[in-house]
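Novice: any chance you can model this:
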Amino acid sequence: MGNLLYIIAVILIIGWLIGYLGFHVGGVIHILLVIAIIAVLLRVIRGR
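Specialist: Below you'll find the predicted structure:
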């Protein structure tokens, strides 16, 4: 389960970067970033 959260976080960060640099959609891209950061934090907290 932990690996799945990490993979999802990486995918969301990559999606955020592509969206931010390519499309400038706005709020949706920042929501993706926040979700990715939360997933990474959960991974770090639960991993230890």
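Novice: once you drop chain neighbours, what's closest to the spatially most central residue of the chain?
Specialist: By CA atoms, centre = their mean, the chain has its centre lying nearest to residue 36, at 2.0 Å. For residue 36, ignoring the flanking residues on the chain, the nearest one in space by CB to CB, 6 or more residues apart in numbering is residue 12 at 3.6 Å. Using the backbone N, CA and C atoms, a C-beta is placed for each residue, glycine as well.
Novice: can you tell me the helix or strand for the one you found?
Specialist: Taking DSSP states H and E as the definition, one finds residue 12 inside helix 2-22.
Novice: what is that helix packed up against?
Specialist: If you count contacts as 3 or more CB pairs under 8 Å, 6 or more residues apart in numbering; DSSP states H and E, helix 2-22 packs onto helix 27-47.
Novice: quick one: mean pLDDT over the helix it packs on.
Specialist: For helix 27-47, the mean per-residue pLDDT is 79.
Novice: please state the offset of it from the chain centre?
Specialist: What separates the centre of helix 27-47 from the centre of its chain is 5 Å, taken as CA atoms, centre = their mean, to the nearest Å.
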